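Participant: Pasting the sequence and the predicted coordinates here, then a few questions.
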Amino acid sequence: MALAIEIRDLRFRYPGAAVDCLDIELLRVEAGARVFLYGPSGSGKSTLLSLIGGVIQVQQGTLNLLGKNIAHMRPTICDRLRADHIGFIFQQFNLIPYLSVMDNVLLPCRFSSRRQQRALAEGGTLPETARRLLSHLQLENTEHIPVTQLSVGQQQRVAAARALIGKPEIVIADEPTSALDTDRQSAFLDLLLQECAEANAALIFVSHNRQLATQFHYEIALPSINKTVPVGCVV
Amino acid sequence: MSHFFHMAFRSAWNRRLTLGLTLVAIALSVAMLLGVERLRSEAHRGFNLSISGTDLVVGARTSPVQLMLYAAFRIGEATSNISWKSFQDIAQNPLVAWAVPISLGDSHHGFPVMGTTPGYFEHFQYGASRRLSFVKGQPFQGVFDVVLGMEVASQLGYAVGDRIILSHGMGEAGLLAHDDKPFIVSGILAPTGTPVDRTLHISLDGITAIHLNWVGGVPMHGFTIPNEHVRKFDLTPKDITAVLVGIKARAAVFKVQRQINEYKAEPLLAVMPGVALEQLWQVVGVAEKTLLAVTSMVVFVGLSGLAAVLLASLNERRREMAILRAIGARRRDIFLLMVSESLLVTLGGITLGIIFLSVASLALAPWVQANYGFALQPALVSAAEFKLLVGVLAVGLLAGFLPGYRAYQMSLMDGLMSRI
């Protein structure tokens, strides 16, 4: 099976830090897999995600993204890969406050022509594709509402729509449910899993709430694969 | 790229209050900068167009600039006059084609009164060799005829045939009136955009006539000479203020100038208008450069304010930058976002500044024309102003570099930190 992400002998240390933040021998995520990444805060989750996204540069080791080693790629090429192949959902404040729901959802299509083409390939115009996604995420008739007037749960679902538009191969969700109450957590997770399955995207779902792990293919505990004592990960 | 500027605009619009105030500050400073430049160029243009076809201006010995100012532009007053005999000698010089005497000193509601001969209307030229023409009436013929410049007539509402009382001396108020000898409007000149528009022209005889019963600057008590009797007196003036001279062959200008300057009977000064104006620009050039430097500093202050506002906004926009980075924005895009915002505000400031300036120059044009004798032409942007604006834009661009670089660094540090 094709690999979405493959990490080998990856080490990362923040400038000026005494110890490594990450030291991972092997981490693999298959295409289309649903992975639950667990780790307490400060264990290097955000750093790992930043490395996978190519936002910060790999110092040592191999990081294959859809078969391409991004370890020594130029930053602009990493940026392009991220725009083309990865959708991000954060814990909260995911949306650009001065853009409408529609413009927020379509943002990845502005930065990546590949995402734009794939969104158009689903049939219809970009707004139609976005509207379809929004309605799947139970956000009908919200496209013109200022995002600041949405509830937190609605905002997270808009962020999910943005991460999924143009069918990227990888979706990274960094504690997307921690700002939601328990009922809404599972509802959000259900919708997210369903849409990732439909887009055939690998989902890396980061959380410290292990109760959510049941619906995933497998669980990775970051402390168990990270050989370093994670004291150097606080920036 | 268009969506990028669209987003920069939306982002800026989101912070429209602070950016708007900064924009207004930049607009005001740009209006000041352009205003100084425009006043400078319009003054040069106005003065250079005010007199042409006159080869020499002759007056009592003083500085060439001062002579030009009072004889050609009615700014300031002559310190002393020249005698009628001197004028006759100049006029009879075989190299001189024509000589027109002018006599200044009286006024009417703040407009200068100039005594001259009918030759003035024939020989005086302005702009590109344009001659004076009448919209109504004709040159003065009688002693008490007056020809009005266009602005005098339109501002005071005079028509041909109206009676006018002149005042002794220059100024607006507190002047003694020549109320015993009213003048009749015989003609109105077409507008010229020069000090001629603001002048009342009467004959030299008229100047003499209204001062017949005056001694030492005041009328003699209880002694008036009725208008119909003034002809019985010799109205040949004793002295005049200045002479406008035309030379037969241009090559002889220097020779005539030297002859006049070496005139034995009294100290005279002959200047070529172009040369005197050049001296004037040299004198005021220092002030112009200083003003330009000061207003440039004001623009610089405005743009520094812009850089400060953008820097201050970085913290509240940290989240926005992180989101854009996650979606695929390159660090270069984050830099460009800041720079394009500063360009946007600078461009807005420039546009608003031009509007401010246009409104201000429309409003101030009559006042400038009244006090300084040149017309502020309504214009968008001249070539010299355009150069200044390009400079402003370049500095505005630089003002975006600092916050742009900071944002670039910050996006490097922050990575995808999702909990800012």
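Facilitator: Yes, it's here.
Participant: going forward, measure contacts and count neighbours with C-alpha atoms only.
Facilitator: OK.
Participant: Helices of the chain, start to end?
Facilitator: Picking chain A for this. Secondary structure of chain A, counting by DSSP state H: helices at A:45-52, A:75-85, A:101-111, A:113-121, A:126-136, A:152-164, A:182-199, A:222-225.
Participant: To clarify, I was referring to chain B.
Facilitator: Assigned by DSSP H, chain B shows helices spanning B:2-14, B:16-50, B:64-73, B:84-92, B:119-123, B:150-156, B:204-210, B:253-261, B:273-313, B:318-327, B:331-372, B:383-414.
Participant: In JSON lines: the ones you listed, plus mean neighbour count and distance to chain A.
Facilitator: Below are these laid out as JSON lines (neighbours: other Cα atoms under 10 Å in any protein chain shown; distance: least, Cα to the nearest Cα, whole Å):
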{"stretch": "helix B:2-14", "mean neighbour count": "15", "distance to chain A": "6"}
{"stretch": "helix B:16-50", "mean neighbour count": "21", "distance to chain A": "11"}
{"stretch": "helix B:64-73", "mean neighbour count": "21", "distance to chain A": "59"}
{"stretch": "helix B:84-92", "mean neighbour count": "17", "distance to chain A": "79"}
{"stretch": "helix B:119-123", "mean neighbour count": "17", "distance to chain A": "69"}
{"stretch": "helix B:150-156", "mean neighbour count": "18", "distance to chain A": "55"}
{"stretch": "helix B:204-210", "mean neighbour count": "23", "distance to chain A": "75"}
{"stretch": "helix B:253-261", "mean neighbour count": "18", "distance to chain A": "73"}
{"stretch": "helix B:273-313", "mean neighbour count": "17", "distance to chain A": "15"}
{"stretch": "helix B:318-327", "mean neighbour count": "23", "distance to chain A": "6"}
{"stretch": "helix B:331-372", "mean neighbour count": "20", "distance to chain A": "8"}
{"stretch": "helix B:383-414", "mean neighbour count": "19", "distance to chain A": "7"}
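Participant: Show me the one of the ones you listed that comes nearest residue B:243.
Facilitator: For the helices of chain B, the distance to residue B:243 is smallest for helix B:84-92, at 7.1 Å, taking Cα to Cα.
Participant: Count the residues that sit near residue B:179.
Facilitator: As a burial measure, residue B:179 scores 13 neighbours (other Cα atoms under 10 Å in any protein chain shown).
Participant: show me the contacts for it.
Facilitator: Residues in contact with residue B:179 (Cα atoms under 8 Å, 6 or more residues apart in numbering or on different chains) are B:165, B:166, B:167.
Participant: at 7 Å instead, please
Facilitator: Residues in contact with residue B:179, defined by Cα atoms under 7 Å, 6 or more residues apart in numbering or on different chains, are residue B:165.
Participant: how near is it to chain A?
Facilitator: As defined by Cα to the nearest Cα, to the nearest Å, residue B:179 lies at a distance of 74 Å from chain A.
Participant: quick one on the thing from earlier: would you mind telling me which of the helices of chain A is nearest residue A:211?
Facilitator: Taking Cα to Cα as the measure, the helices of chain A were each checked against residue A:211, and helix A:182-199 came out nearest at 9.9 Å.
Participant: mean confidence score for the closest one?
Facilitator: For helix A:182-199, the mean per-residue pLDDT is 86.
Participant: again with stretch B:210-223
Facilitator: Averaging the model's pLDDT scores along stretch B:210-223 yields 72.
Participant: One more: stretch B:55-62?
Facilitator: Taken as a whole, stretch B:55-62 has a mean pLDDT of 92.
Participant: Now do that stretch: distance to the chain's middle.
Facilitator: Averaging C-alpha positions (Cα atoms, centre = their mean, to the nearest Å) puts stretch B:55-62 23 Å from its chain's average.
Participant: Return the set of buried residues in that stretch.
Facilitator: Neighbour counts using 16 or more other Cα atoms under 10 Å in any protein chain shown place B:55, B:56, B:57, B:58, B:59, B:60, B:61 of stretch B:55-62 among the buried residues.
Participant: okay, these in JSON lines with distance to residue B:67 next?
Facilitator: Putting the buried residues of stretch B:55-62 into JSON lines (distance: Cα to Cα, whole Å) gives the following:
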{"residue": "B:55", "distance to residue B:67": "14"}
{"residue": "B:56", "distance to residue B:67": "11"}
{"residue": "B:57", "distance to residue B:67": "8"}
{"residue": "B:58", "distance to residue B:67": "8"}
{"residue": "B:59", "distance to residue B:67": "7"}
{"residue": "B:60", "distance to residue B:67": "8"}
{"residue": "B:61", "distance to residue B:67": "8"}
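Participant: Now tell me what touches the lowest-mean-pLDDT helix or strand in chain A from outside.
Facilitator: Lowest mean confidence among the helices and strands of chain A (mean pLDDT, DSSP states H and E): helix A:222-225, at a mean of 83. Contacts made with helix A:222-225 from outside it, assessed by Cα under 7 Å, 6+ apart, are listed as A:24, A:37, A:38, A:39, A:43.
Participant: Likewise for stretch A:73-80?
Facilitator: A:54, A:70, B:328, B:329, B:330.
Participant: one step back: how about a markdown table for the helices of chain A, with mean neighbour count added?
Facilitator: As requested, those are exported to a markdown table (neighbours: other Cα atoms under 10 Å in any protein chain shown):
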| stretch | mean neighbour count |
| --- | --- |
| helix A:45-52 | 22 |
| helix A:75-85 | 22 |
| helix A:101-111 | 23 |
| helix A:113-121 | 18 |
| helix A:126-136 | 19 |
| helix A:152-164 | 25 |
| helix A:182-199 | 16 |
| helix A:222-225 | 16 |
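Participant: As TSV, those helices with distance to residue B:41 would be great.
Facilitator: Formatted as TSV, these follow (distance: least, Cα to Cα, whole Å):
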stretch	distance to residue B:41
helix A:45-52	59
helix A:75-85	50
helix A:101-111	48
helix A:113-121	52
helix A:126-136	54
helix A:152-164	57
helix A:182-199	67
helix A:222-225	73
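Participant: what about stretch B:277-284, average pLDDT?
Facilitator: Here the mean pLDDT over stretch B:277-284 is 87, rounded to a whole number.
Participant: from the chain's centre, how far out does it sit?
Facilitator: Relative to where its chain is centred, stretch B:277-284 has its mean C-alpha point 14 Å off (Cα atoms, centre = their mean).
Participant: Roughly how far does residue B:144 sit from residue B:162?
Facilitator: Distance, residue B:144 to residue B:162, using Cα to Cα, to the nearest Å: 12 Å.
Participant: out of these two, which sits in the busier spot?
Facilitator: More neighbours surround residue B:144 than the other of residue B:144 and residue B:162, with 22 against 13 (other Cα under 10 Å).
Participant: Show the pLDDT at that one.
Facilitator: In this prediction, residue B:144 carries a pLDDT score of 90.
Participant: wait, doesn't it sit right on residue B:208?
Facilitator: No: shown here, residue B:144 and residue B:208 do not form a contact pair, counting by Cα atoms under 7 Å, at 10.8 Å.
Participant: And for residue A:175, the neighbour number?
Facilitator: Applying other Cα under 10 Å, I find that residue A:175 has 19 neighbouring residues.
Participant: tell me the pLDDT at it?
Facilitator: Residue-level confidence at residue A:175 comes out at 86, pLDDT.
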